[in-house]
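Q: Please work out how this folds:
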Amino acid sequence: MRHTVPWPWPKPLLPWASRKVLCSAEVHDEPRKLADDETQKALTGLSSLRIALVKQEVQVALPNFPGKHPIADFIRSATSHTGCLSLLHELGAELIMVREAPDSECRLWEQKVARDPDPESSRRCYREVARTQPFWTPAGPRTRHEVAQDPDEIDWSAYDLVVSIDVSVPERLIQKTRHTVWACLLSEPGMPLYRALEKRPGWGMDLFLNQKCRVHRVRPCNRPHVLDFPWAYQSTACHANPPAPERPAVSLDPHTLPGDLAILKKGLPEMNIRILRGLPPSDFLSGLGTSRYFVKIGPRKTWGAILIESACAGCLVMGDPRSVECPSPLLPEAIVQSSDHVLSILRVLEANPEQRRRLRETQMRKVAELAWRRPTLDLWKAFQNISKRKSRRYRMVTYRKT
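A: Prediction:
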């Protein structure tokens, strides 16, 4: 059954609408298209800055190869979710790995294991993996602990913008930088820290990047320090274009139930229907790149970053809006809520290549606007405003001292 919410819904009423109505709005509505020159100006401005993307050695997600490198090397060095690749690729950020500082705020990452059956064991595991799990580098395997630096030994004032995964740098060091703009991107939106940062930018941070990808920025409406900035801040430029396989492929979300997989394989034996699970990130992205479709169904609700990744890799993304927190990459024609529904939609699209192409292009325009163009512009405007404010404050302090 498709969405039963009457549509269109009056946009002025969306801030008071139910979650069900907002979910429908995210799927049905198109974002306002930004002017190309406006987006290009923001990209040029951010690319001219010295940007650092900082993660602690205990952080499994994101690439691991410190420095500035080709995007293929960053992806190959990852051991888990690749995340905000466009920071490293289009914006030219430098990836910095730091040791876990003794300051209390640098241990806030532990909140993501607080509900584990044995939190202390989970914390030990994260720290042990940082010392033992190798990742790829051109010079041979290394561990995150081997390449990590002491945050006290880095001149943070040399950077214009620092994006910190969780709170990777102690507040005492952040406060010493006069002009650097600091932004926090959490590795897990379920942490209590998420709600705290939505209310105010603590621990010396200027901005909070909230991982959201929304057409309508309501419920909650963002406070001035909060930006809609998806975890999968990516564009098609971050992904290779592998040759299409002879047999069209359908990739299913890793959380797909075995029963749904069996139904889809039986119903469409002519297609390569698979679950990309347990693969290195580089192989996972290559698998998406050789897939014609990506399907997200099942009872487990996730944030939805994989919808953006799949669309940027070249898939037509289909899914159940109720199964993701951020359903905006989906289109009304690509809503599926059961394995039987998936079968019927796939048969129609395979019989109508022109319709499939049109939907793919429409979806990619929507994803590019929400997951790349708008966050880039918002980040540039926020950086400019905060930089001006910090410069005025520094001039006032200097004047008073003289």
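Q: most residues in a single helix of the chain, which one?
A: helix 374-401 (DSSP state H).
Q: buried sites along that helix?
A: Buried residues in helix 374-401, counted by 16 or more other Cβ atoms under 10 Å: 374-380, 382-383, 386-387, 390. C-beta: built from backbone N, CA, C; applies to glycine.
Q: now it, how far from the centre of its chain.
A: Distance of helix 374-401 from the chain centroid (Cα atoms, centre = their mean, to the nearest Å) equals 26 Å.
Q: pLDDT wise, what is Ser187 at?
A: Ser187 carries a pLDDT score of 95 in this model.
Q: now do Gly278
A: Gly278 is given a pLDDT of 89.
Q: quick one, helices of the chain?
A: Here the chain has its helices, by DSSP H, at 19-28, 36-47, 71-77, 85-88, 119-132, 144-147, 171-174, 192-199, 258-267, 281-289, 305-313, 339-351, 353-368, 374-401.
Q: coming back round to it: may I ask which of the buried residues of helix 374-401 comes out lowest in pLDDT?
A: Lys390 (93).
Q: I'd guessed that residue sits against His179; true?
A: Yes: shown here, Lys390 and His179 form a contact pair, counting by Cβ atoms under 8 Å, at 5.5 Å.
Q: ok so, going back, among the helices of the chain, which is the most enclosed?
A: helix 305-313 (a mean of 26; mean count of other Cβ atoms under 10 Å).
Q: Give me the nearest residue to Val324, chain neighbours excluded.
A: Once flanking residues are discounted, Val324 sits nearest to Gly304: 3.5 Å by Cβ to Cβ, 6 or more residues apart in numbering.
Q: Count the neighbours of the one you found for me.
A: Neighbour count of Gly304, defined by other Cβ atoms under 10 Å: 27.
Q: Report the inter-axis angle for the helix or strand of the chain with the lowest mean pLDDT versus helix 353-368.
A: Ranked by mean pLDDT, DSSP states H and E, the weakest helix or strand in the chain is helix 374-401, scoring a mean of 83. Interaxial angle, helix 374-401 versus helix 353-368 (axes from the mean of the first three to the mean of the last three Cα atoms, to 10 degrees): 10 degrees.
Q: on contacts alone, who are the packing partners of helix 374-401?
A: Under the contact criterion of 3 or more Cβ pairs under 8 Å, 6 or more residues apart in numbering; DSSP states H and E, helix 374-401 touches helix 36-47, strand 181-185, strand 226-230.
Q: What pairs with the last one, parallel or antiparallel?
A: Strand pairing for strand 226-230, determined by DSSP bridges: strand 207-211 (parallel).
Q: Any chance you could list what contacts the strand it pairs with?
A: Applying Cβ atoms under 8 Å, 6 or more residues apart in numbering, the contact partners of strand 207-211 are 163, 181-186, 189, 194, 197-198, 201, 222, 225-231, 303, 305, 382, 386.
Q: List only those of those residues flagged as buried.
A: With neighbours counted by 16+ other Cβ under 10 Å, those contain buried members at 163, 181-186, 189, 194, 197, 201, 222, 225-231, 303, 305, 382, 386.
Q: ok, now which ones touch Ser18?
A: By Cβ under 8 Å, 6+ apart, Ser18 lies in contact with nothing.
Q: Domains in this protein, by residue range?
A: Per the record, the chain has its domains at 46-236, 242-351, by automatic domain parsing.
Q: TSV for the ones you listed, including distance to Leu14?
A: Formatted as TSV, the domains of the chain follow (distance: least, Cβ to Cβ, whole Å):
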stretch	distance to Leu14
domain 46-236	5
domain 242-351	13
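Q: wait, which of these is closest to His28?
A: Proximity to His28 (Cβ to Cβ) singles out domain 242-351 among the domains of the chain, at 5.5 Å.
Q: Could you report the separation of Ala371 from Gly83?
A: 12 Å (Cβ to Cβ, to the nearest Å).
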